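S.K.: Generate a structure from the sequence data that follows.
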Amino acid sequence: MESYLNENFDVKAKHSSEEALEKWRNLCGVVKNPKRRFRFTANLSKRYEAAAMRRTNQEKLRVAVLVSKAAFQFISGVAPSDYTVPEDVKAAGFEICADELGSIVESHDVKKLKFHGGVDGLAGKLKASPTDGLSTDAAQLSQRQELFGINKFAESELRSFWVFVWEALQDMTLMILGVCAFVSLIVGIATEGWPKGSHDGLGIVASILLVVFVTATSDYRQSLQFRDLDKEKKKITVQVTRNGFRQKMSIYDLLPGDIVHLAIGDQVPADGLFLSGFSVVIDESSLTGESEPVMVNAQNPFLLSGTKVQDGSCKMLITTVGMRTQWGKLMATLTEGGDDETPLQVKLNGVATIIGKIGLFFAVVTFAVLVQGMFMRKLSLGSHWVWSGDEALELLEYFAIAVTIVVVAVPEGLPLAVTLSLAFAMKKMMNDKALVRHLAACETMGSATTICSDKTGTLTTNHMTVVKSCICMNVQDVASKGSSLQSEIPESALKLLIQSIFNNTGGEVVVNKHGKTEILGTPTETAILELGLSLGGKFQEERKSYKVIKVEPFNSTKKRMGVVIELPEGGSLRAHTKGASEIVLAACDKVVNSSGEVVPLDEESTKYLNVTINEFANEALRTLCLAYMDIENGFSPDDAIPSSGFTCVGIVGIKDPVRPGVKESVQLCRRAGITVRMVTGDNINTAKAIARECGILTDDGIAIEGPVFREKSQEELLELIPKIQVMARSSPMDKHTLVKQLRTTFDEVVAVTGDGTNDAPALHEADIGLAMGIAGTEVAKESADVIILDDNFSTIVTVAKWGRSVYINIQKFVQFQLTVNVVALIVNFSSACLTGSAPLTAVQLLWVNMIMDTLGALALATEPPNDELMKRLPVGRRGNFITNAMWRNILGQAVYQFIVIWFLQAKGKSMFGLDGPDSTLMLNTLIFNCFVFCQVFNEISSREMEEIDVFKGILDNYVFVVVIGATVFFQIIIIEFLGTFASTTPLTLVQWIFSIIIGFLGMPIAAGLKTIPV
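M.R.: Numbering: from 1, shown residues only. So this is what the prediction gives:
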């Protein structure tokens, strides 16, 4: 079975081809209810529609760009446009409508833009200030929203409970049984009168309704859980200026006229225009499929919703929002396309197909045998030409039994149990600070064998402070000196240092609406800016004193950032750079000495500074070097900032403490067979110090630098990679190479953490991409499968634990359901063949189907994780889903249950002294009761597939206890009070005790089976 499933029902956890997704759908046979079975699978037709929209967008943009270029060349004075402002817009005080705004940006219409007075002219017509943004007056914002729309795209409406009831009724077998019930009612009432003749038909109808409502309730609850998770996935915030204050705001609250601040890794939240900024490069592939990045500046100011900032930073003016943008229309279609189905869903669809075909064969044979027995009986009596109403009902009952065998035999609930378990796990993981973006990540994480983790913010707290410095060749303890440090730095050097800190930064010092000073930016930038303020610097004054000519933002490849400013005295230019200490220091040939003078950087000084860097790094400090150089006139903003000839101003050591609990989490991973590797851009000594503190770097492990790793041959990598525990000074491509090698060459299941734009390739390549919720950019989150909301390594371990829990819970449910399938099939088939009748009626089989399907999934697939899960080795990439241990347990239980039921059929009457007209009914009721109690106790035994103690932690799972309790309660009701509908009769106390003992004996047998090695 496993090889057949691997060949035909095998899809990847990520990036499966459309052909693979089509293939397994075409192979799915014997589907009782396609609407329900395929509800949580991708809608491929909607995906093709979205791809076509992307191609159209690409063509539109290509034409728009060509037209705008042509217009740009021929504009000499813009001819007056025939545009007139609609009356309602004019009445509200605006001078441009939403449609006109939309056409300018979407069509890249330079001519129209110029007619409206450029970006500043449009801002005026929108009653927006390019510096202070919109007013926060509620009435004005509401009016703006009415005229220009909201920044949300159309979503499918939440389906009501009755829609799920209707979908549950689409089950082909239930519809056939419904027809049987209807015919049974008519024939029964015609022959036996009302109400006696209606019992069989009403019993089937009641059973169908019960199955439908329980199924619909379970499905409806799942849909609500997924809805909640979808809302969480879409929570994106951006920096916006309103009323002159910068603040974080949800993208859904944006309106035309808002001023938004964008940085590397951000997603453009709505259509708009570039106001000011540096080196802005936009990736439009998500909208158009075009991989070539686009430069955005004052000449090409158009920014489209849904595109990503690949480099640079800027301020933009929002012009068009929501469904008026191409992104809004595309997202509405993409949302309907749905998530890819998970490997387990597909595999279990395969299992359901195989067993369904076997079940269909048995059902046909059972019906044929029962009908043949009836004909033979009538033939022997010579009454084969004469048919009574009772005989017609008997024939109908045979057909109903055959259909119900299909109901029980086709395990439709298998693939749906995966969804149930994943929905439950995802909801719980949300509470544990992990947001799952792709369903498959939940189950894949359970198989993870390697975690490649970032250092900063994941293993450490990301609360950074400068604690040591080496400014003007003097090492100082900043933490103890505080503000007295500025008196020990020469005035000329202090001025240079403050100039460097406040101009060469991606952060900002602002006054918030409460009048307090607030520092915005990454933790590293915040730490440096705090140092600048403590040295007496004033951010706004410093920024106003110099004109910024060029900005090169920090990126992981260069490991530094730079700025060129124009000095007020004489208009000469100066470049400042900061970044990885050894890289920036290598670009320096001069240094500021203790007297504040610039002197050549000789060998002795270089050695002294390198020793200082290593001392800081060995104390687990993150080191940064600050340097500057005066540039000759003739520098153009299009030129790159020089890469050498700098003067070193100083080195700072930033403390970023290790998160509490990380060491214990790393040890837990090691016990669970998961290797943790640290991949960081930091100095190797800092990385080693932190890795030792976390317990990642052991005596037999290797720490390597990215540039060294890059130069290794494939043969050397084969030997080296298993030993690598720390990779420092790594570039994004080093991380990508490591992940790819681990996945392909070493067959590992790899989880990777990332927070920056440059981590996207590694996150995409990994089996499970984990993005940071706090420090992570939108680009990283978009490429990830799980978002770690608190950026904590311990949460990653929790995700692994939940992943294992999902995988094992589904295995438990499959084991339980296949046991019921096998026994129900064999019992009814063998009984039909040997005695000419089936002991389990249609109503009884429907009840058994509900116990093993919806209720069984609820009980076993929602078991919470326990600490024992992390003491097992991971399944890895090649593990079989249905293991030998599962087959052992399934076949062992099936043989026991079959022997018991067969013994009761053969010897039950004599054993309990049953005689008289009701003896067969009494015996069949006893068989039905024993069968159900076998399933109840087998359900308890299925809680553990290898462990003998199955009661451990049973009370922690209240769902399991409620399901077992409800099953027993309704079984008593069915036997004792619903006999006329369910073809049962009340049992004696002895018979009840016997049924329970028979069921309970399955538990020691299950325990004995677990001792058999496989």
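
S.K.: Please identify the residue most distant from the middle of this protein.
M.R.: Distance from the C-alpha centroid of the chain peaks at residue 382, with 68.5 Å (Cα atoms, centre = their mean).

S.K.: Check the gap between it and residue 373 for me.
M.R.: 16 Å (Cβ to Cβ, to the nearest Å). Placement of C-beta: from N, CA and C, glycine included.

S.K.: who's in contact with residue 568?
M.R.: 545, 546 (Cβ atoms under 8 Å, 6 or more residues apart in numbering).

S.K.: sec struct for it, please.
M.R.: Three-state call for residue 568 (DSSP: H, G, I helix; E, B strand; the rest coil): coil.

S.K.: That one and residue 636, how far apart?
M.R.: Residue 568 is 21 Å from residue 636, by Cβ to Cβ.

S.K.: What of residue 620?
M.R.: 42 Å.

S.K.: Test my guess that residue 761 contacts residue 736.
M.R.: Yes: under the criterion of Cβ atoms under 8 Å, residue 761 makes contact with residue 736 at 4.6 Å.

S.K.: okay, those two: which has more neighbours?
M.R.: Per other Cβ atoms under 10 Å, whichever of residue 761 and residue 736 has more neighbours is residue 736, with 21 against 17.

S.K.: got the contact list for the more buried one?
M.R.: 761, 762, 765.

S.K.: and what of residue 268?
M.R.: 262, 282, 303, 304, 305, 306, 307, 308, 309, 316 are the contacts of residue 268 under Cβ under 8 Å, 6+ apart.

S.K.: Please tabulate the residues you listed in CSV, including the columns distance to residue 936 and pLDDT.
M.R.: Below are the contacts of residue 268 laid out as CSV (distance: Cβ to Cβ, whole Å; pLDDT from 0 to 100):
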residue, distance to residue 936, pLDDT
262, 59, 91
282, 61, 90
303, 62, 92
304, 59, 89
305, 55, 88
306, 52, 86
307, 57, 88
308, 54, 89
309, 58, 89
316, 63, 94
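
S.K.: Please identify which of these is nearest to residue 95.
M.R.: Nearest to residue 95 among those, counting by Cβ to Cβ, is residue 316 at 20.2 Å.

S.K.: Touching, that closest one and residue 271? I think so.
M.R.: No: in this structure, residue 316 is not within contact of residue 271 by Cβ under 8 Å, at 9.5 Å.

S.K.: Name the residues contacting each of the two.
M.R.: The contact lists of residue 316 and residue 271 share residue 303, where a contact means Cβ under 8 Å, 6+ apart.

S.K.: quick one, phi/psi of the nearest residue to residue 474 once chain neighbours are set aside?
M.R.: Among residues not flanking residue 474 along the chain, residue 594 sits closest, at 5.7 Å (Cβ to Cβ, 6 or more residues apart in numbering). Backbone torsions of residue 594, given as degrees, to the nearest 10, read phi -60, psi -20.

S.K.: now the strands for the stretch 201-350 of the chain?
M.R.: Assigned by DSSP state E, counting those that start in this stretch, the stretch 201-350 of the chain shows strands spanning 237-242, 245-250, 259-262, 271-283, 294-296, 302-303, 308-320.

S.K.: Many thanks, have a good one.
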